[in-house]
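Enquirer: Provided below for reference: sequence and predicted model.
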Amino acid sequence: NQPDPSEIFAMRVSLAIDWAKANLRYILYGLLGIVAVAIFVIAWNTWQGHRREQASILLHQALKLVDENSDTKQAANPDQAIEKLQAITKKYGRTPAGVRAYWHLGHLYFARGEMAEALRAYQVARRRLPNRQPLSSTLAILNMGYAQEATDACNEAITSYESVQQSPIRWLHGEAYLGMGRCHEKAGATEKAIEVYDRALADINVTGTAQQTISDRLARLQPEETETPTEATKTDTPPEAQPSETPAEAKEQSEATKTDTPPAEAKEQ
(Lines give C-alpha, C1' and ligand atoms only; values in the text may rest on other atoms or scores of the structure.)
Protein backbone atom coordinates (compact mmCIF):
# COMPACT_ATOMS: atom_id res chain seq x y z
CA ASN A 1 0.00 0.00 0.00
CA GLN A 2 1.28 3.50 -0.93
CA PRO A 3 1.42 5.96 2.00
CA ASP A 4 -0.95 8.91 1.92
CA PRO A 5 0.70 12.10 0.50
CA SER A 6 -0.40 14.07 3.53
CA GLU A 7 1.32 11.59 5.80
CA ILE A 8 4.53 11.92 3.79
CA PHE A 9 4.37 15.71 4.03
CA ALA A 10 3.73 15.61 7.78
CA MET A 11 6.63 13.22 8.24
CA ARG A 12 9.01 15.50 6.32
CA VAL A 13 7.88 18.54 8.28
CA SER A 14 8.44 16.66 11.51
CA LEU A 15 11.94 15.67 10.42
CA ALA A 16 12.73 19.28 9.47
CA ILE A 17 11.54 20.56 12.83
CA ASP A 18 13.59 17.94 14.66
CA TRP A 19 16.70 18.91 12.63
CA ALA A 20 16.12 22.64 13.30
CA LYS A 21 15.80 21.98 17.02
CA ALA A 22 19.00 19.96 17.03
CA ASN A 23 20.89 22.66 15.10
CA LEU A 24 19.15 25.76 16.45
CA ARG A 25 22.37 27.30 17.75
CA TYR A 26 24.10 27.04 14.34
CA ILE A 27 21.05 28.40 12.55
CA LEU A 28 21.03 31.44 14.83
CA TYR A 29 24.76 31.97 14.27
CA GLY A 30 24.22 31.83 10.52
CA LEU A 31 21.37 34.36 10.64
CA LEU A 32 23.40 36.69 12.82
CA GLY A 33 26.31 36.39 10.37
CA ILE A 34 24.09 37.29 7.43
CA VAL A 35 22.71 40.31 9.29
CA ALA A 36 26.23 41.41 10.25
CA VAL A 37 27.44 41.15 6.65
CA ALA A 38 24.43 43.13 5.41
CA ILE A 39 25.04 45.86 7.98
CA PHE A 40 28.74 46.00 7.03
CA VAL A 41 27.98 46.28 3.32
CA ILE A 42 25.45 49.06 3.90
CA ALA A 43 27.84 50.93 6.18
CA TRP A 44 30.73 50.53 3.73
CA ASN A 45 28.70 51.80 0.78
CA THR A 46 27.44 54.73 2.84
CA TRP A 47 30.98 55.62 3.89
CA GLN A 48 32.30 55.34 0.36
CA GLY A 49 29.47 57.51 -0.93
CA HIS A 50 30.33 60.13 1.68
CA ARG A 51 34.00 60.02 0.64
CA ARG A 52 33.10 60.46 -3.03
CA GLU A 53 30.87 63.40 -2.19
CA GLN A 54 33.51 65.07 -0.05
CA ALA A 55 36.16 64.56 -2.74
CA SER A 56 33.89 66.13 -5.36
CA ILE A 57 33.28 69.18 -3.17
CA LEU A 58 36.99 69.65 -2.53
CA LEU A 59 37.81 69.20 -6.23
CA HIS A 60 35.27 71.88 -7.15
CA GLN A 61 36.81 74.24 -4.63
CA ALA A 62 40.33 73.55 -5.92
CA LEU A 63 39.40 74.13 -9.54
CA LYS A 64 38.01 77.55 -8.68
CA LEU A 65 41.61 78.57 -8.06
CA VAL A 66 42.89 77.42 -11.45
CA ASP A 67 41.44 80.27 -13.53
CA GLU A 68 40.31 83.78 -12.74
CA ASN A 69 36.60 83.92 -11.96
CA SER A 70 34.99 86.80 -13.84
CA ASP A 71 31.85 86.66 -11.66
CA THR A 72 33.49 86.75 -8.23
CA LYS A 73 36.64 88.57 -9.44
CA GLN A 74 38.67 85.88 -7.69
CA ALA A 75 42.20 85.78 -9.08
CA ALA A 76 43.76 82.53 -10.20
CA ASN A 77 46.06 80.90 -7.67
CA PRO A 78 47.62 77.82 -9.27
CA ASP A 79 50.01 77.22 -6.37
CA GLN A 80 47.15 76.96 -3.90
CA ALA A 81 45.20 74.86 -6.39
CA ILE A 82 48.09 72.40 -6.55
CA GLU A 83 48.17 72.16 -2.75
CA LYS A 84 44.45 71.42 -2.61
CA LEU A 85 44.64 68.88 -5.42
CA GLN A 86 47.55 67.13 -3.74
CA ALA A 87 45.51 66.90 -0.52
CA ILE A 88 42.66 65.31 -2.49
CA THR A 89 44.94 62.73 -4.08
CA LYS A 90 46.40 61.77 -0.70
CA LYS A 91 43.06 61.30 1.06
CA TYR A 92 40.67 60.44 -1.76
CA GLY A 93 43.06 59.27 -4.49
CA ARG A 94 40.95 56.31 -5.61
CA THR A 95 37.63 58.10 -5.83
CA PRO A 96 36.47 59.43 -9.22
CA ALA A 97 37.19 62.98 -8.04
CA GLY A 98 40.61 61.86 -6.82
CA VAL A 99 41.46 60.52 -10.26
CA ARG A 100 40.38 63.84 -11.78
CA ALA A 101 42.57 65.61 -9.25
CA TYR A 102 45.58 63.72 -10.61
CA TRP A 103 44.52 64.75 -14.12
CA HIS A 104 44.35 68.44 -13.22
CA LEU A 105 47.61 68.23 -11.31
CA GLY A 106 49.18 67.05 -14.55
CA HIS A 107 47.81 70.11 -16.36
CA LEU A 108 49.09 72.52 -13.72
CA TYR A 109 52.53 70.92 -13.55
CA PHE A 110 52.69 70.98 -17.36
CA ALA A 111 51.86 74.69 -17.40
CA ARG A 112 54.64 75.33 -14.90
CA GLY A 113 57.14 73.36 -16.96
CA GLU A 114 57.49 70.59 -14.36
CA MET A 115 57.19 67.84 -16.94
CA ALA A 116 58.38 64.95 -14.78
CA GLU A 117 55.69 65.71 -12.17
CA ALA A 118 53.11 66.17 -14.91
CA LEU A 119 53.99 62.81 -16.40
CA ARG A 120 53.66 61.04 -13.05
CA ALA A 121 50.26 62.63 -12.44
CA TYR A 122 49.00 61.62 -15.89
CA GLN A 123 50.27 58.08 -15.43
CA VAL A 124 48.41 57.65 -12.14
CA ALA A 125 45.24 59.09 -13.68
CA ARG A 126 45.57 56.67 -16.61
CA ARG A 127 46.00 53.64 -14.34
CA ARG A 128 43.02 54.52 -12.18
CA LEU A 129 40.58 55.51 -14.91
CA PRO A 130 37.99 52.75 -15.40
CA ASN A 131 38.13 50.74 -18.63
CA ARG A 132 34.59 51.83 -19.46
CA GLN A 133 35.88 55.35 -20.13
CA PRO A 134 37.94 54.89 -23.32
CA LEU A 135 37.89 58.59 -24.22
CA SER A 136 39.30 59.71 -20.87
CA SER A 137 41.91 56.96 -20.99
CA THR A 138 42.97 57.94 -24.51
CA LEU A 139 43.24 61.60 -23.57
CA ALA A 140 45.37 60.64 -20.55
CA ILE A 141 47.72 58.68 -22.82
CA LEU A 142 47.91 61.64 -25.21
CA ASN A 143 48.84 63.90 -22.30
CA MET A 144 51.51 61.42 -21.26
CA GLY A 145 52.90 61.65 -24.78
CA TYR A 146 53.04 65.45 -24.60
CA ALA A 147 54.91 65.33 -21.27
CA GLN A 148 57.32 62.67 -22.54
CA GLU A 149 57.97 64.67 -25.69
CA ALA A 150 58.64 67.79 -23.62
CA THR A 151 61.28 65.92 -21.61
CA ASP A 152 62.94 64.64 -24.81
CA ALA A 153 61.87 61.05 -24.02
CA CYS A 154 60.95 60.62 -27.66
CA ASN A 155 60.88 56.82 -27.73
CA GLU A 156 58.40 56.72 -24.86
CA ALA A 157 56.40 59.56 -26.41
CA ILE A 158 56.14 57.73 -29.74
CA THR A 159 54.85 54.65 -27.92
CA SER A 160 52.16 56.77 -26.25
CA TYR A 161 51.21 58.46 -29.53
CA GLU A 162 51.00 55.07 -31.26
CA SER A 163 48.56 53.90 -28.58
CA VAL A 164 46.40 56.94 -29.29
CA GLN A 165 46.64 56.37 -33.04
CA GLN A 166 45.44 52.79 -32.58
CA SER A 167 42.59 53.72 -30.25
CA PRO A 168 38.91 53.82 -31.27
CA ILE A 169 38.84 57.57 -30.59
CA ARG A 170 39.43 58.42 -34.23
CA TRP A 171 39.25 62.21 -34.03
CA LEU A 172 42.43 62.14 -31.90
CA HIS A 173 44.43 60.21 -34.50
CA GLY A 174 45.63 63.43 -36.12
CA GLU A 175 47.18 64.54 -32.82
CA ALA A 176 48.90 61.17 -32.52
CA TYR A 177 50.39 61.43 -36.01
CA LEU A 178 51.57 64.97 -35.29
CA GLY A 179 53.23 63.87 -32.07
CA MET A 180 55.02 60.97 -33.74
CA GLY A 181 56.18 63.20 -36.56
CA ARG A 182 57.48 65.88 -34.21
CA CYS A 183 59.44 63.28 -32.25
CA HIS A 184 61.03 61.88 -35.40
CA GLU A 185 61.91 65.40 -36.53
CA LYS A 186 63.48 66.17 -33.17
CA ALA A 187 65.55 62.98 -33.40
CA GLY A 188 66.72 63.98 -36.88
CA ALA A 189 64.87 61.06 -38.51
CA THR A 190 63.44 63.14 -41.33
CA GLU A 191 62.52 60.18 -43.54
CA LYS A 192 60.53 58.59 -40.71
CA ALA A 193 58.77 61.88 -40.06
CA ILE A 194 57.84 62.17 -43.74
CA GLU A 195 56.55 58.59 -43.69
CA VAL A 196 54.37 59.34 -40.65
CA TYR A 197 52.98 62.51 -42.22
CA ASP A 198 52.24 60.69 -45.49
CA ARG A 199 50.34 58.00 -43.60
CA ALA A 200 48.45 60.69 -41.72
CA LEU A 201 47.33 62.46 -44.89
CA ALA A 202 46.14 59.14 -46.28
CA ASP A 203 44.10 58.46 -43.15
CA ILE A 204 40.45 59.49 -43.50
CA ASN A 205 40.29 60.13 -39.76
CA VAL A 206 42.77 63.03 -40.02
CA THR A 207 40.83 66.15 -40.92
CA GLY A 208 40.55 69.84 -40.13
CA THR A 209 43.32 71.69 -38.37
CA ALA A 210 45.39 68.57 -37.76
CA GLN A 211 45.38 67.75 -41.47
CA GLN A 212 46.44 71.29 -42.40
CA THR A 213 49.21 71.31 -39.78
CA ILE A 214 50.54 67.99 -41.02
CA SER A 215 50.49 69.24 -44.62
CA ASP A 216 52.47 72.33 -43.62
CA ARG A 217 55.06 70.32 -41.72
CA LEU A 218 55.38 67.83 -44.56
CA ALA A 219 55.93 70.66 -47.06
CA ARG A 220 58.84 71.90 -44.95
CA LEU A 221 60.48 68.49 -45.07
CA GLN A 222 60.16 67.75 -48.78
CA PRO A 223 63.57 67.33 -50.52
CA GLU A 224 62.69 69.79 -53.27
CA GLU A 225 62.32 72.62 -50.79
CA THR A 226 65.20 75.13 -50.83
CA GLU A 227 65.29 75.54 -47.09
CA THR A 228 68.45 74.76 -45.24
CA PRO A 229 68.57 71.42 -43.42
CA THR A 230 68.26 73.24 -40.12
CA GLU A 231 65.11 75.03 -41.28
CA ALA A 232 63.70 71.97 -42.96
CA THR A 233 63.91 69.80 -39.90
CA LYS A 234 63.10 72.47 -37.35
CA THR A 235 60.42 71.39 -34.90
CA ASP A 236 58.33 73.37 -32.55
CA THR A 237 59.31 73.36 -28.93
CA PRO A 238 57.49 70.87 -26.69
CA PRO A 239 55.22 73.53 -25.12
CA GLU A 240 53.22 73.50 -28.36
CA ALA A 241 51.81 70.25 -27.09
CA GLN A 242 49.28 71.26 -24.50
CA PRO A 243 47.58 68.72 -22.25
CA SER A 244 44.21 67.43 -23.40
CA GLU A 245 41.43 68.00 -20.97
CA THR A 246 37.68 67.48 -20.92
CA PRO A 247 36.49 64.54 -23.02
CA ALA A 248 33.22 66.38 -23.61
CA GLU A 249 34.87 69.60 -24.77
CA ALA A 250 38.11 68.39 -26.30
CA LYS A 251 36.57 67.47 -29.63
CA GLU A 252 34.91 70.86 -30.00
CA GLN A 253 38.15 72.61 -29.15
CA SER A 254 40.04 70.53 -31.72
CA GLU A 255 38.41 72.46 -34.54
CA ALA A 256 39.18 75.87 -33.03
CA THR A 257 42.84 75.42 -32.09
CA LYS A 258 45.51 77.28 -34.01
CA THR A 259 47.97 75.59 -36.36
CA ASP A 260 50.71 73.55 -34.64
CA THR A 261 48.75 73.43 -31.39
CA PRO A 262 47.20 70.11 -30.32
CA PRO A 263 43.43 70.45 -30.50
CA ALA A 264 42.19 69.25 -27.15
CA GLU A 265 42.32 72.09 -24.66
CA ALA A 266 39.32 72.34 -22.35
CA LYS A 267 38.54 71.86 -18.71
CA GLU A 268 38.29 68.35 -17.33
CA GLN A 269 35.04 67.52 -15.62
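Expert: Cool, the structure landed.

Enquirer: just the helices in the stretch 101-250 of the chain please.
Expert: Using DSSP state H, counting those that start in this stretch, the helices of the stretch 101-250 of the chain run over residues 115-128, 134-150, 154-165, 173-186, 190-201, 208-221, 229-232, 247-254.

Enquirer: indicate which one of the ones you listed is closest to Ser14.
Expert: helix 115-128 (58.2 Å; CB to CB). Placement of C-beta: from N, CA and C, glycine included.

Enquirer: in the closest one, what counts as buried?
Expert: Buried residues in helix 115-128, counted by 16 or more other CB atoms under 10 Å: 115, 117-126, 128.

Enquirer: could you dump those residues to a markdown table with distance to Glu175?
Expert: As requested, the buried residues of helix 115-128 are exported to a markdown table (distance: CB to CB, whole Å):
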| residue | distance to Glu175 |
| --- | --- |
| Met115 | 18 |
| Glu117 | 22 |
| Ala118 | 17 |
| Leu119 | 17 |
| Arg120 | 22 |
| Ala121 | 20 |
| Tyr122 | 15 |
| Gln123 | 19 |
| Val124 | 22 |
| Ala125 | 18 |
| Arg126 | 16 |
| Arg128 | 23 |
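
Enquirer: tell me, how many residues neighbour the residue lying closest to Arg112 once chain neighbours are set aside?
Expert: Once flanking residues are discounted, Arg112 sits nearest to Pro78: 7.3 Å by CB to CB, 6 or more residues apart in numbering. By other CB atoms under 10 Å, the residues close to Pro78 number 16.

Enquirer: ditto for Phe110
Expert: For Phe110, the neighbour count with other CB under 10 Å is 24.

Enquirer: low-scoring stretches of the chain, by residue?
Expert: Within the chain, the stretches with pLDDT under 70 are 1-3, 70-74, 223-242, 244-269.

Enquirer: go with 90
Expert: Flagging of the chain using pLDDT under 90 yields the residue ranges 1-29, 31, 65-77, 130-133, 221-269.

Enquirer: now Gly30: how far from Lys21?
Expert: When distance is defined by CB to CB, to the nearest Å, Gly30 is 15 Å away from Lys21.

Enquirer: do Glu175 as well
Expert: Distance, Glu175 to Lys21, by CB to CB: 73 Å.

Enquirer: buried residues in stretch 131-147?
Expert: Buried residues in stretch 131-147, counted by 16+ other CB under 10 Å: 135-147.

Enquirer: so what's the closest residue to Ser215 other than its chain neighbours up against?
Expert: Spatial nearest neighbour of Ser215, excluding adjacent residues (CB to CB, 6+ apart): Leu201 at 6.6 Å. Contacts for Leu201 (CB atoms under 8 Å, 6 or more residues apart in numbering) come out as 211, 214-215, 218.

Enquirer: follow-up on the earlier one: identify, from the buried residues of helix 115-128, the entry nearest to Ala43.
Expert: Nearest to Ala43 among the buried residues of helix 115-128: Arg128, at 24.3 Å, using CB to CB.
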